[in-house]
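Asker: here you go, sequence then predicted model.
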Amino acid sequence: MDADNKTTIFNRHRAELINIAYGMLGNLPDARDIVQDAYIKWNESDTEVHNHESYLKTIVSRLCIDRYRSAKSQREEYMGPWLPQPVVDSDSNLPDSNIELHEKLTVALLYLLENLSPDQRAIYLLHDVFGYKFSEISELVDKKPATCRKAAQRARQNIQHSTISNITPNPESQQIVDEFIEALYLRDMDKLQAILTDNAVLYSDGGGEVTAAPKPIDSMKKVSKFLISIAEKNEADIDLEMTSVNNCPGFKVYQRETLHSIWTFHIHRSRISAIFVILNPSKLEAYE
């Protein structure tokens, strides 16, 4: 097969390959690197391939598992909570292309997946998010179907035990975020607490580069008190811009016309159960 045909076939599957890589790594630059590496391997290979799609997904899945093993050990030394790089203000499209972000790849889900081993994460994503059969996944990750089935079950149990369950947003979510902003604007503690669940958690990721809470802030009272206090301290310098963040309602915060942070939410039964605040400059620079 000549190089032009290989490029055509690769581009046909590029969107799903990027979604798989982003789901595995939670970082768009790394996902792009992995897909580019897969393209080079595919282009240089002389192997006769009968199922191009499966072959490309196998390359990407195995590259992602290796990259995630390395990243996971580095994240153990990360300063404060680690959050994925968000996909923002794009009508569900990845920033550098017309590739649509998978609707289930929310910041909340990607954060939950950090608790899984590399193999569990890959198998859960491929089966529960992308809908592959275990017989297909076994070839992609080089494990028996029964092993994949057990790994997915354990991953599911791990996720369900979390205070953040795997729920995609609904039309009501935007209204709740609007009420959250209004409560902060009015400094209305009662209204703010009414929007939060009793066990609400706020995660802020500064990456050790900017000021952020070093640990998650948990409970409705602590989170609301923290939010009102930072709203009062920054009253004159803040502008908000509503946007979508990984297919969920959210907003950008500008401080003196500079992007300061990106906020998104996990909403359960009409109340906010988790708030994710990305402040790490390296995760914001794509949106400045």
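Answerer: Looks like it came in fine.

Asker: so how far is V87 from the residue nearest to R69 when sequence neighbours are not counted?
Answerer: Once flanking residues are discounted, R69 sits nearest to P118: 5.0 Å by C-beta to C-beta, 6 or more residues apart in numbering. Every C-beta, even on glycine, is put in place using the N, C-alpha and C of the backbone. Using C-beta to C-beta, to the nearest Å, P118 is found at 22 Å from V87.

Asker: what about these two, which has more around it?
Answerer: Comparing P118 with V87 by other C-beta atoms under 10 Å, the one with more neighbours is V87, at 22 against 18.

Asker: just say helix, strand or coil for E241.
Answerer: Three-state assignment for E241 (DSSP: H, G, I helix; E, B strand; the rest coil): strand.

Asker: identify the bridge partners of it.
Answerer: Per DSSP bridges, the residues bridged to E241 are K252.

Asker: who touches it in this structure?
Answerer: Contact partners of E241, counting by C-beta atoms under 8 Å, 6 or more residues apart in numbering, are F251, K252, Y254.

Asker: what is the neighbour count of the first one?
Answerer: The tally of other residues near F251 (other C-beta under 10 Å) stands at 23.

Asker: ok, the residue nearest to R69 touching S61?
Answerer: No: when contacts are counted by C-beta atoms under 8 Å, P118 is not listed as touching S61 (10.4 Å).

Asker: ok so, going back, distance of the residue nearest to R69 relative to Q160?
Answerer: Between P118 and Q160 the distance is 20 Å, computed by C-beta to C-beta.

Asker: so what's the residue nearest to R69 up against?
Answerer: Applying C-beta under 8 Å, 6+ apart, the residues near P118 are I65, Y68, R69, K72.

Asker: and the second one, what's its pLDDT?
Answerer: When you say that, I think you mean Y68. Confidence at Y68, expressed as pLDDT, is 92.

Asker: what of the first one?
Answerer: The predicted structure scores I65 at 94 on the pLDDT scale.

Asker: and it, helix, strand or coil?
Answerer: Classification of I65 using three-state DSSP returns helix.

Asker: now the second one
Answerer: Under three-state DSSP, the three-state class of Y68 is helix.

Asker: distance of it relative to D188?
Answerer: According to C-beta to C-beta, Y68 and D188 sit 42 Å apart.

Asker: kindly report the same for I267.
Answerer: Plainly put, I267 is 19 Å away from D188 if you go by C-beta to C-beta.

Asker: the more surrounded of the two?
Answerer: Higher neighbour count among I267 and D188: I267, with 24 against 15, using other C-beta under 10 Å.

Asker: ok, N246 touching I262?
Answerer: No: between N246 and I262 there is no contact, the gap being 10.1 Å when judged by C-beta under 8 Å.

Asker: buried residues in stretch 101-112, which are they?
Answerer: Using 16 or more other C-beta atoms under 10 Å as the burial criterion, the residues of stretch 101-112 that qualify are L101, H102, K104, L105, T106, V107, A108, L109, L110, Y111, L112.

Asker: just the endpoints, please. Distance across it?
Answerer: The first and last residues of stretch 101-112 sit 18 Å apart, counting by C-alpha to C-alpha, to the nearest Å.

Asker: now do stretch 202-218
Answerer: The separation between the terminal residues of stretch 202-218, taken as C-alpha to C-alpha, is 6 Å.

Asker: now that stretch: buried residues?
Answerer: If you call a residue buried by 16+ other C-beta under 10 Å, then stretch 202-218 has these buried ones: L202, Y203, S204, D205, G206, G207, A212, A213, P216, I217.
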